[in-house]
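Trainee: Would you be able to build a 3D model of this:
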Amino acid sequence: MASALRRIPRPAWWTFGVLALIAVAVWAFLAWFNWNMLRGPLARQASIMLDRPVRIDGDLVVHPWSWTPSATVNGVEVGNPPWMKGGDLARIQSISASVKLWPLLFRQVEVTLIRAERPSVWLYRDASGRNNWTLGRTGGRPLDLPPIHEFIIRDGHIDLRDLKRQLTVIGVMQSSESANGRGTFHLTGGGSLNREPFSLVITGAPLLEVRRDRPYPFWADVHAGATHVVATGEVLKPFNFGQLRSNLQVSGVDFADLYDLTGIAFPTTPPYALRGELSRDGSTYTFRRVAGRVGGSDLEGAFTVYHPGTRPDLRADLRSRSLRLADLGTLVGAPPTTPVKTQQRVEAQRLASQGRLLPDTPLNVRRVRSMDADVHYRAASLYARRNLPLTAFAMHLTLNHGLLRVDPLTFSMPRGAVSGNLRIDARPAVPVSAIDLKVTNLQMQDLFRGRTEPPVVAPIEARARLQGVGASVHEAASTATGNVTVVAAHGEIRRAFAELLGINVVRGLGLLLAKNQTQTGVRCAVADFSASHGVLTTRTLVFDTDPVLATGRGSINLNSETLDFTLQGHPKHFQLIRLASPISVSGKLKSPKVGVKAGAAPAQAVAAIALGAFLSPLAAILPFVDPGLAKNADCAGLIDQAHAKGAPVRIAALR
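Mentor: Here you go, the predicted structure:
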């Protein structure tokens, strides 16, 4: 052994001695070094990284000689950004950390312990979206931490004030681990969200068992007013919170209430309950395999939200097997069939008391401007009121910086369709809405479902192009300008009703009393309106049947939701008794009334009395006799005009 040592070259001995001396010197330096001298440099470096003032007022204690070196920092304060003009983001009485030495040699960080004593955090976001928790170089990216084996928080407090979401939370954080690893991470909080009670409970699995290649499970339960969210999932790579997945259940009284939790401007809906799989991949959130109900309709599909910055972008592909029209109406502000929220009940009572159809619920333009969207939706079947022959529905909605488009918008019918597009420009101070709808091949008999002998059989073609200004459907309709044209190029009507259009008392009443179902031809029917300041006024109103030509005039007031029409019949053949009185249609759009105006009938009665007194009783009927000199309307010309104004009439098929 001694001979072997003598064979070691002298330079090697010198090298070994120098290294040993350096090691002893380093050991002595670290053993007696005043680590508090590093508090200033460490605080300055942290201030640069976090872009926040950082102070270390307590002792810095380091234990370097271990396979798990550790350090404890006491009295840490992290200040707010300059725009908040003072205050603290966080204060921590003491924070300790230790890491495994061996993985550090391979440039891997594995934390064995983080212990925080009495941490207090004050989070704040103003109405414009500025917050004090987006730190320096993180740039708002998801938190990505190395594996932490033991995470202990004692007597932690969190205070959140979010003016943008109207959220206030006062929370308590506790995390502890027992020697056998049965402890849990526990975060509870309570407060208010948009003036509604808010509570949060998050529970995590034992952190002692965390491994870099093993997902970390968690459970969360959130109540925000009537909204309830339950998530059971896992962080895929602990603790990279940009990678997670969970089974999610969410329910509430209005989908729009989720804006306060998510920042996504969902539409107003009736009460809902949905479930699905939520995953996060960096700035992308996906809610797939969605299934549940919204009101009386089923809903399934997938949502994806891209949220790289302050402006989310929603993509969705949704479908329903069965859609109720009343549930669809909530999208434009109509109250649900069974209102739950106070605002919905007030709107329902107002509409009912005023006998109105068009809702006054305003569009929340601030929310519409805050995001973008691209949504496809289709319903295989649609259930409406008995007299509405709607069978299916589909739409494609896009939202781009406050400009909302629905194109196409399609309601299917048994033998026709209502199709078109809708545009709402929410960029101005007051939204501007425009709608262009076509009705093709609507069969009038489909409006009388359940009757074996419908009174009218005719195909209807129509076009409505309207534009209005206002934050609600009623406001936009009250200022509407544009054109509406309705055409029936041919058809049949029950002869009794055709005779009564001309007030043929003997013939019409006789057919009705005899329950005569005989049909007569409809040569054409054209109703053409111009709209200005919410009032639709007739330019043409003609209903031409084989026995009677009826012409009229009138208007529809979309502000008061009333109509006032007069229809005068002109017989094409001799009538023994005819009242020279026009038919009136008036009252509310929701419940119009049909009657007979006095017109010339009183004069007819006076003339009949005079003739009966001076001539003979037979002469008394002469004022009621009509020779029937009316001619056929120029149907071809009227239909050509309607076609030129946009009505989808197939001219070639009519000639």
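Trainee: Point out where the stretch 551-655 of the chain drops to low pLDDT.
Mentor: 572-581, 595-655 (pLDDT under 70).
Trainee: Same question for the stretch 1-150 of the chain.
Mentor: Low-confidence regions of the stretch 1-150 of the chain, defined by pLDDT under 70, span residues 1-33, 105, 136-147.
Trainee: Kindly recompute the last result at 80.
Mentor: 1-35, 64-66, 102-110, 129, 134-150 (pLDDT under 80).
Trainee: Now do the helices in it.
Mentor: 2-6, 10-32, 39-50, 101-104 (DSSP state H, counting those that start in this stretch).
Trainee: do the stretch 151-300 of the chain as well
Mentor: Assignment of helices within the stretch 151-300 of the chain using DSSP H, counting those that start in this stretch yields the ranges 259-262.
Trainee: Whatever helix or strand residue 316 lives in - which strands sit beside it in the sheet, and in what orientation?
Mentor: Assigned by DSSP states H and E, residue 316 belongs to strand 313-320. Paired with strand 313-320 in the same sheet, following DSSP bridges, are strand 297-306 (antiparallel), strand 372-379 (parallel).
Trainee: right, so of these, which gets closest to residue 87?
Mentor: With Cβ to Cβ, the closest approach to residue 87 among the strands paired with strand 313-320 belongs to strand 297-306: 32.0 Å. (Each C-beta comes from the backbone N, C-alpha and C, glycine too.)
Trainee: Now that closest one - C-alpha only, CSV.
Mentor: Coordinates of the C-alpha atoms in strand 297-306 are reproduced here as CSV (Å, rounded to 0.1, in the frame of the first residue of the first chain):
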residue,chain,number,x,y,z
SER,A,297,-84.6,20.9,-24.7
ASP,A,298,-81.7,18.5,-24.7
LEU,A,299,-78.2,19.7,-25.7
GLU,A,300,-75.0,17.9,-26.6
GLY,A,301,-71.8,18.7,-28.4
ALA,A,302,-68.5,20.5,-27.6
PHE,A,303,-67.2,23.9,-26.6
THR,A,304,-63.6,25.1,-27.1
VAL,A,305,-62.3,28.4,-25.8
TYR,A,306,-59.0,29.9,-26.9
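Trainee: Okay, buried residues for that strand please.
Mentor: Of the residues in strand 297-306, 297-299, 301, 303-306 count as buried by neighbour count, 16 or more other Cβ atoms under 10 Å.
Trainee: hang on, the earlier thing: centre of the chain to the strand holding residue 316, how far?
Mentor: Its chain's C-alpha centre lies 11 Å from the corresponding centre of strand 313-320 when counted by Cα atoms, centre = their mean, to the nearest Å.
Trainee: who touches it?
Mentor: 264, 290, 297-307, 371-380, 399 (Cβ atoms under 8 Å, 6 or more residues apart in numbering).
Trainee: how does it look with 7 Å?
Mentor: The contact list for strand 313-320 (Cβ atoms under 7 Å, 6 or more residues apart in numbering) reads 264, 297-306, 371-379.
Trainee: What segments of the stretch 451-600 of the chain are strands?
Mentor: With DSSP state E, counting those that start in this stretch, the ranges of strands along the stretch 451-600 of the chain come out as 456-457, 459-469, 481-488, 491-494, 519-532, 535-545, 548-557, 562-571, 583-588, 592-596.
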